[in-house]
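Asks: This is a predicted model, with the sequence first.
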Amino acid sequence: MVTIKSKSEIEKMKIAGRVTYGALKAVEAAVKPGVTTAELDKVAEKYIHSQGCKASFKGYGGFPATICASVNDEIIHGFPGPRVLKEGDIICVDVGAIYKGYNGDAARTFGVGKISDEAQRLIDVTKQSFFEGLNFVKEGYRIHDISAAIQRYVEKNGYSVLRGYCGHGVGAEMHEDPEIPNYVTPTRGIRLKAGMCVAVEPMVCQFDYHTYVADNDWTVITKDGGLTAHYENSILVTNGEPYLLTLPKEEAEV
């Protein structure tokens, strides 16, 4: 069931969103060659707790950590651990914070040291595809409109959109209705209404979108070894322009 958030719920989600954003900025500042993904996880957890929030992901469905740390050909749900980041790697970091029972959820892809032009282009296209979809996160548009905009932009730039995983509603639960695919499906989906909160998250593959799941039953990896990128924000649907809960306005002006 899709829920319309009350004013008090929205205020809590704004705080959860700001803390989620702050956690990503803290991780970004710590990303460098020689750091382990476990160390990045500790950075995020420490920041979230320092802000009076809880980590959304830790323990969710058995997930063992505060962040998803997915490196190079790992697109989502990577486990933080002893893996040491190397110059030229790229890492998808997904994180969430809970404030008084309400969730923020966001993801970014960071380069480690100096990365290739192609890796940077993949990151940039993935980010921009989010903003292409954001144009339709407005009252009256359908889910299909968001999905089509993202897929069209990604494929126009020569990349592919991950199948089988999608954006979602967000609120008292980290994953709520509606599902928001990053690609066109046979159904047009519901019409958006003011007060809905959604997480839109393009997940983009350098080459083919076919993947497999690692032995940990979580991490999704490209079959062809191509690079991947992920970009996500939690968004409040309004009567006018969408309100980004996990990105300050000045950073959203692209």
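Replies: Now that the structure is in, tell me what you want to look at. These numbers come from a predicted model, not from an experiment.
Asks: Low-confidence bits of this structure, can you list those?
Replies: 253-254 (pLDDT under 70).
Asks: can you rerun that using 90?
Replies: 1, 186-189, 249-254 (pLDDT under 90).
Asks: residue boundaries of the helices in it?
Replies: Applying DSSP state H to the chain gives helices spanning 7-30, 37-50, 117-134, 143-156, 249-252.
Asks: Minimum distance to N216: which of the ones you listed has it?
Replies: Minimum separation from N216 across the helices of the chain (Cβ to Cβ) falls at helix 37-50, 13.2 Å. All C-beta spots, glycine's among them, are computed from the backbone N, C-alpha and C.
Asks: other SSEs contacting that closest one?
Replies: Secondary-structure packing of helix 37-50 (3 or more Cβ pairs under 8 Å, 6 or more residues apart in numbering; DSSP states H and E): helix 7-30, strand 54-55, strand 67-71, strand 90-99.
Asks: Nearest to D217 among these would be which one?
Replies: Minimum separation from D217 across the helices and strands packed on helix 37-50 (Cβ to Cβ) falls at strand 67-71, 13.7 Å.
Asks: Need the residues that contact the closest one.
Replies: Residues from elsewhere that reach strand 67-71 (Cβ atoms under 8 Å, 6 or more residues apart in numbering): 23, 27, 37, 40-41, 44, 57, 76-80, 83, 85, 89-95, 107, 219-220, 228, 230.
Asks: about what we covered before: can I get the helices and strands packed on helix 37-50 in JSON lines including distance to A149 and mean neighbour count?
Replies: Listed next are the helices and strands packed on helix 37-50 as JSON lines, based on distance: least, Cβ to Cβ, whole Å; neighbours: other Cβ atoms under 10 Å:
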{"stretch": "helix 7-30", "distance to A149": "22", "mean neighbour count": "20"}
{"stretch": "strand 54-55", "distance to A149": "31", "mean neighbour count": "21"}
{"stretch": "strand 67-71", "distance to A149": "24", "mean neighbour count": "27"}
{"stretch": "strand 90-99", "distance to A149": "21", "mean neighbour count": "27"}
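Asks: Out of these, flag the one nearest V125.
Replies: V125 lies closest, by Cβ to Cβ, to one member of these: strand 90-99, at 12.8 Å.
Asks: still on that earlier bit, need the helices and strands packed on helix 37-50 in CSV (columns: distance to D177).
Replies: CSV is the format used below for those (distance: least, Cβ to Cβ, whole Å):
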stretch, distance to D177
helix 7-30, 16
strand 54-55, 23
strand 67-71, 22
strand 90-99, 17
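Asks: nearest to K249, of the ones you listed?
Replies: Among the helices and strands packed on helix 37-50, helix 7-30 sits nearest to K249 (Cβ to Cβ), with 11.7 Å.
Asks: So E155 versus E118, what's the distance?
Replies: Distance of E155 to E118, given as Cβ to Cβ, to the nearest Å: 17 Å.
Asks: So these two - more neighbours on which side?
Replies: Taking other Cβ atoms under 10 Å, E155 and E118 do not tie; E155 has more neighbours (14 against 10).
Asks: Pretty sure T219 sits against E74.
Replies: Yes: between T219 and E74 there is a contact under Cβ atoms under 8 Å: 5.4 Å.
Asks: Between these two, tell me which one has more neighbours.
Replies: Higher neighbour count among T219 and E74: E74, with 23 against 20, using other Cβ under 10 Å.
Asks: so what's T36 up against?
Replies: T36 neighbours (Cβ under 8 Å, 6+ apart): 80-85.
Asks: what about 6 Å?
Replies: Applying Cβ atoms under 6 Å, 6 or more residues apart in numbering, we find T36 in contact with 82, 84.
Asks: what pairs with it across the strands?
Replies: Beta bridges link T36 to V84, judged by DSSP bridges.
Asks: separation between it and P80?
Replies: Distance, T36 to P80, using Cβ to Cβ: 8 Å.
Asks: nearest spatial neighbour of Q206, skipping sequence neighbours?
Replies: In space, and not counting its chain neighbours, Q206 is closest to G226: 3.7 Å by Cβ to Cβ, 6 or more residues apart in numbering.
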